[in-house]
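# Structure for the following, please:
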Amino acid sequence: MRKNRWIIVLVLVGLGALTVVEGIINPRIEAKQKAYAAEQQHPLTHDFAAIQKYRSAYMGDFSNLSHLNQGLPLAEYLNGYQLYPDTFTAEVKYSLRSDELPETELKRKLVYNATANFVLIDNLEHIVYELEDTRYSLSREATKQWAGLELGALQTPDEWDSHVREQLVSPEQVDVAFSQIIDN
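Below you'll find the predicted structure:
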């Protein structure tokens, strides 16, 4: 009889614990993960520190380049890459039309992504973003001039925030940045 009571108590405790984990803890964890994933799709809330592990001296490290761009805004639209080692150019293809996002949002994301690629891949000189209806070519040199310092200096979160993120807040700032670093 006493043994049966203990079994019943343990079963009830186990069911209670399972209910707490499945009904409260797991949904909270999932909600935090979804919120974090949503933040990663916007340059003003993106976690730059999370992509720093993809820093590389060479653009030819395809796996590294791929993982870097999968951690940046617009990742949900990625549709392939092409590397051109003789010109140190990476082409990033998106299954996205330029009119599917508000113009300022698209420009902000392209400037942010290009800058992240130039900061984290030392010998990348040009990046071409190919959308379904247009191409944008951005250069390291123009990005450096826009940022106002050597791009390697932007690897710390504080420098990144003050020289990149804070320069992409207003639509006017985005237009200026985009017009300064776009090649086409």
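# Show me where this protein has its helices.
2-20, 26-39, 62-70, 103-120, 140-147, 157-163, 171-181 (DSSP state H).
# Give the buried residues for the fourth one.
Judged by neighbour count using 16 or more other Cβ atoms under 10 Å, the buried positions of helix 103-120 are 104, 106-120. Yep, even glycine has a C-beta here, placed from its N, CA and C like the rest.
# Walk me through the domains of the protein.
1-39, 48-181 (automatic domain parsing).
# Residue 128 touches residue 89, doesn't it?
Yes. Between residue 128 and residue 89 there is a contact at 6.4 Å, judged by Cβ atoms under 8 Å.
# picking up where we left off before, out of the buried residues of helix 103-120, flag the one nearest to residue 148.
Using Cβ to Cβ, residue 115 comes nearest to residue 148 of the buried residues of helix 103-120, at 12.1 Å.
# Please verify my assumption that that closest one contacts residue 142.
No. Using Cβ under 8 Å, residue 115 is not in contact with residue 142, being 10.6 Å away.
# Spell out which residues are contacts of both of these two.
Shared contacts of residue 115 and residue 142 (Cβ atoms under 8 Å, 6 or more residues apart in numbering): residue 181.
# Deepest-packed of the helices of the chain, please.
Compared across these, helix 103-120 shows the largest average neighbour count, a mean of 23 (mean count of other Cβ atoms under 10 Å).
# For stretch 72-83, buried residues please.
For stretch 72-83, using 16+ other Cβ under 10 Å, the buried residues are 72, 73, 74, 77, 78.
# Distance check, the fourth one against residue 142.
Read that as residue 77. 24 Å (Cβ to Cβ, to the nearest Å).
# residue contacts, the spatially most central residue of the chain?
By Cα atoms, centre = their mean, the chain has its centre lying nearest to residue 72, at 1.5 Å. Neighbouring residues of residue 72 by Cβ under 8 Å, 6+ apart: 40, 46, 51, 109, 112, 113, 116.
# where does the protein dip in pLDDT?
Applying pLDDT under 70 to the chain picks out residues 27, 35-36, 38-39, 184.
# any idea how far stretch 25-32 is from the chain center?
Centre-to-centre, stretch 25-32 and its host chain are 22 Å apart (Cα atoms, centre = their mean, to the nearest Å).
# ok, back up a step: export the contacts of residue 72 to a markdown table and tack on distance to residue 1?
Below are the contacts of residue 72 laid out as a markdown table (distance: Cβ to Cβ, whole Å):
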| residue | distance to residue 1 |
| --- | --- |
| 40 | 57 |
| 46 | 62 |
| 51 | 62 |
| 109 | 68 |
| 112 | 68 |
| 113 | 69 |
| 116 | 67 |
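# Pick the one among those residues closest to residue 13.
residue 40 (38.7 Å).
# Just the ones in strands from the buried residues of stretch 72-83, please.
residue 78 (DSSP state E).
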